[in-house]
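In: Dropping a prediction and its sequence here:
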Amino acid sequence: MLEQHGLLAGLNQPQQEAVTTTEGPVLILAGPGSGKTRVITHRIAYLVQHEHISPWRIMAVTFTNKAAREMRDRMETLVGINESKEMMVGTFHAICARVLRSEADHLAPMGLSRSFVIMDTDDQQTLIKQAIKELNLDEKQYRPYAMQSMISQAKNNMQNPDQMAEQANKYVEEVAARIYKVYQKTMRKNNSVDFDDLIMLTEQLWRREPEVLKHYQRRWHYLHVDEFQDCNLPQYKLIRLLGYGTDSEHEGKGNVCVVGDDDQMIYTWRGASAENVLRFERDFPETRIILLEQNYRSTQNILDAAQGVVKRNTLRKNKKLWTEQGIGEKITVHEAYNEEQEGLYTAQEISRLLARGEIERRSDVAVMYRTNAQSRALEEQFLRMNIPYKVIGSRKFYDRKEIKDMLAYMRLLANPNDDLSLRRVINVPNRKIGPKTLGELQQWADMRSSSLYAALNTIEDHPTLGKAAKSALASFHKLITDLSGAIDELHLPELLDRIAERSGYGPELRAASENEGLDRWGNVLELRRVAEDYGEIETRTAMELFLENVALVGGADTVQSGEDGTLMSEENTDAVTLITLHAAKGLEYPVVFIVGMDEGSLPHSRSVDKPEQVEEERRLAYVGFTRAMKRLYLVRARRRSVFGETRYTEPSRFLEDIDKRLIGKKGGQSTQNTQKSYGSSTGYNMGRGNSTYARPQENWEDDFNQDPYGETGGRVFGRGSGTARTSSPSHDYTSLPSAPR
Ligand code: ATP
Ligand code: MG
């Protein structure tokens, strides 16, 4: 019977054991590609088809929405659409949101109603800033992003504001606890929660209300958790409550199957800890431990290269991993001249693979990187070479807020009557010009039939506006006037520096990036790099060309993006995936490129001084390598430029850890010019191109699953020293202005 379904036939012995051990706790610790996720899907199908368990009793927790969707798709094929609909398959956040919304009675004491709103990072920032202000604290001293991250950490340690204050070791933690308190209060007043709250509140609810917990224990009898190694404490506690019970009442069914790989733990910064495995074994007595040792995904060469990197970690258990996929192709290591060439090489190599028929579809390829900002150079080359791509887990470069803001400043300088751009930046960064003041300004402009900018000129004469508002508006007016004046003095890249610094936006973003917010400053630096291509043209013309190019991009009509940033054209474009290493967890592709294999990029510059963080970077590289099924390319750039300065990079230490015999000689075809290669002999094309960009969309939860550096501080040489250096055009031949389309 079973074989007919192919449910067990497609599984090896230990996998079958994992699938058929449906009662009691099961812990599967096994390497990448060993079928852990497959075991979960087959186990669920087995429960439904063989054990006749109602799908309604089954829950599976995945790490991203994308993974949840994939699992659901698998279940539809295995057990049918209707059955699979009844299952609870989702991320911790999605499941908790669902639980909380159905407990309206219990939400009231928590200060919430069932229509509560889940805030995104920007909303959170606004509230944190508000809290800082309310407490009469100085934002410069207590950076909103740093505070947000400390509060999130406290929540991950399951501390409320008072507990956080009690356990504070440093003064800044005490302050953060005070901010936490106000933040939490305002959030509740607004009937909203943040991501961490979803987990915390559900845990609290189940812990404090035995009847509610029992209700869910009675419903979900079979629990599954994928990527268990990256659970944090509150998430673990949820599983324990549901599967086992509280300290006093053990009413959980105990049928909990968790799968994970400690070598792939890449979220310790969000509270993941290897201790959860020990906790699990302790909390769930008589846990059946199953090891899977056969890898079905990758070739031996890929596995060996990955092992070479991860085995240098000290805090790990060695696991066996073997494959029947054969030795396979050697690993290609390519050293490009600079970032552009890195992108170009990648794009060209993908074209070659397609042309040679080595891959059938573009979707067979993923390009991975450490930080989001790294997608820019890639996107540019892909667009130039007309290779459709999708960016997973983050907005496309030109749709990122800070890029839009900087461009709005530039547009405003190019055309002061551009009201839309003025509105976008008049209060960015915060200049205390609120909607009310803006409304008055608009009226003032309407009365004169003038633009907002022109109206600012006479704002002193406004009869009702307060003094503070007037002076805020006047100084914004002066800012724009001064910056406009600078157009005649500065080249485009320096003009961008001036905008960033004089507007106060640069300092704010740097602080943000430094303190773990988003990778916003890194993105602005990327934008500046694009501007460098126009550095030798007369600035007004340069500005026009630059903005025109960017606008063309935005209007790209063939490509739109759907959920997860997936590009969709009419014929549902077959596209290459661009993705951060973090977001790539659990996925697999026939061909994987990892770019930025440099010291400072991977391992990230912020981690290099801390051994335990280098271990995490190593695991991240390991995750990346092991996504590849057939071919793995490791690409790096010998130099990268930041603020007009070119810096040389060292190859990533992880490259050194790969046995040289695994590395192939040839990494692609030389096109022209000088070359140097690392373990390969390839060249690169020095051409430069236009950039056009497609509009993206964002998936909040996958975005949330980025690491702080992935989102942040990002780039190799990341931030400038705080003051923008103006570059003496230290041009190399790559900085020639590119001809606009
Ligand atoms: P990761 O740790 O990266 O998440 P994993 O352990 O979850 O990896 P899966 O993604 O479940 O591994 O499996 C890797 C690949 O191997 C998948 O394509 C899966 O379908 C295939 N696979 C797993 N087990 C078998 C098997 N017994 N026979 C054939 N293919 C298998
Ligand atoms: Mg998996």
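Out: Happy to help now that I have it. Ligands and ions are numbered 1, 2, ... in the order given.
In: who touches the residue of the stretch 151-300 of the chain at minimum distance from ligand 2 in this structure?
Out: In the stretch 151-300 of the chain, the residue that lies nearest ligand 2 is residue 226 (5.8 Å; Cβ to the ion). (Glycine included, C-beta is placed from N, CA and C.) By Cβ atoms under 8 Å, 6 or more residues apart in numbering, the residues touching residue 226 are 36-37, 40, 60-63, 67, 71, 259-260, 586.
In: which residue sits closest to it, ignoring its sequence neighbours?
Out: Nearest non-adjacent residue to residue 226, counting by Cβ to Cβ, 6 or more residues apart in numbering: residue 62, 5.1 Å away.
In: Surely the one you found and residue 228 touch.
Out: No - using Cβ atoms under 8 Å, residue 62 and residue 228 do not qualify as a contacting pair, with a distance of 11.0 Å.
In: Quick check on those two: which one has the bigger neighbour count.
Out: Ranked by neighbour count (other Cβ atoms under 10 Å), residue 62 and residue 228 place residue 228 first, with 28 against 25.
In: hang on, isn't that one packed against residue 262?
Out: No - taking Cβ under 8 Å as the definition, residue 228 is not a contact partner of residue 262, at 9.5 Å.
In: overlap in contacts of these two?
Out: Residues touching both residue 228 and residue 262 (Cβ under 8 Å, 6+ apart) are residue 277.
In: how about stretch 211-218: buried residues?
Out: Using 16 or more other Cβ atoms under 10 Å as the test for burial, stretch 211-218 gives 212-213, 216-217.
In: average model confidence for it?
Out: For stretch 211-218, mean pLDDT rounds to 94.
In: repeat for stretch 281-290
Out: Rounded mean pLDDT across stretch 281-290 is 92.
In: Next: stretch 356-371.
Out: Stretch 356-371 shows a mean pLDDT of 94.
In: Stretch 255-263 now?
Out: On average, stretch 255-263 scores 95.
In: And ligand 1, is it touching that?
Out: Yes - against ligand 1, stretch 255-263 shows contacts by Cβ under 6 Å from any ligand atom at residue 261.
In: Regarding residue 385, what are the backbone dihedral angles?
Out: Note on residue 385: its backbone torsions stand at phi -90, psi 10 [degrees, to the nearest 10].
In: circling back to that earlier point, nearest to ligand 2, of the contacts of residue 226?
Out: Scanning the contacts of residue 226 for proximity to ligand 2, where the rule is Cβ to the ion, the winner is residue 37, at 3.3 Å.
In: Just the element for that closest one, please.
Out: Residue 37 belongs to helix 36-49 when assigned by DSSP states H and E.
In: Packing partners of that helix?
Out: helix 2-5, helix 13-20, strand 58-62, helix 65-79, strand 222-225, strand 256-260 (3 or more Cβ pairs under 8 Å, 6 or more residues apart in numbering; DSSP states H and E).
In: low-scoring stretches of the protein, by residue?
Out: For the chain, the stretches with pLDDT under 70 are 1-5, 120, 122, 393-396, 513-518, 549, 551-573, 641-645, 665-741.
In: Please parse it into its domains.
Out: 2-101+198-293, 119-190, 300-388+559-701, 399-550 (automatic domain parsing).
In: Name the nearest residue to the residue in the stretch 301-450 of the chain that ligand 2 sits nearest to, ignoring sequence neighbours.
Out: As assessed by Cβ to the ion, ligand 2 sits closest to residue 321 within the stretch 301-450 of the chain, at 13.9 Å. Among residues not flanking residue 321 along the chain, residue 31 sits closest, at 4.2 Å (Cβ to Cβ, 6+ apart).
In: re the thing from before, can you redo the domains of the chain as a markdown table with distance to residue 109?
Out: Compiled in a markdown table, these are given as follows (distance: least, Cβ to Cβ, whole Å):
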| stretch | distance to residue 109 |
| --- | --- |
| domain 2-101+198-293 | 9 |
| domain 119-190 | 11 |
| domain 300-388+559-701 | 27 |
| domain 399-550 | 32 |
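In: what does the stretch 501-650 of the chain have sitting close to ligand 2?
Out: Counting by Cβ under 5 Å from the ion, the stretch 501-650 of the chain comes close to ligand 2 at residue 586.
In: What's the separation between the residue nearest to residue 20 when sequence neighbours are not counted and residue 286?
Out: The spatially closest residue to residue 20, leaving aside those adjacent along the chain, is residue 46, at 6.7 Å (Cβ to Cβ, 6+ apart). Counting by Cβ to Cβ, to the nearest Å, the gap between residue 46 and residue 286 amounts to 21 Å.
In: The two: who's more crowded?
Out: Set residue 46 next to residue 286 and count neighbours by other Cβ under 10 Å: residue 46 wins out with 24 against 8.
In: Ligand 2 versus the more buried one, what's the distance?
Out: Distance, residue 46 to ligand 2, using Cβ to the ion, to the nearest Å: 18 Å.
In: Isn't that residue up against residue 18?
Out: No - the criterion here is Cβ under 8 Å, and residue 46 misses it with residue 18 at 10.0 Å.
In: got the buried residues for the one helix or strand residue 410 maps to?
Out: Per DSSP H and E: residue 410 is located in helix 401-414. Of all the residues in helix 401-414, those buried under the rule 16+ other Cβ under 10 Å are 402-414.
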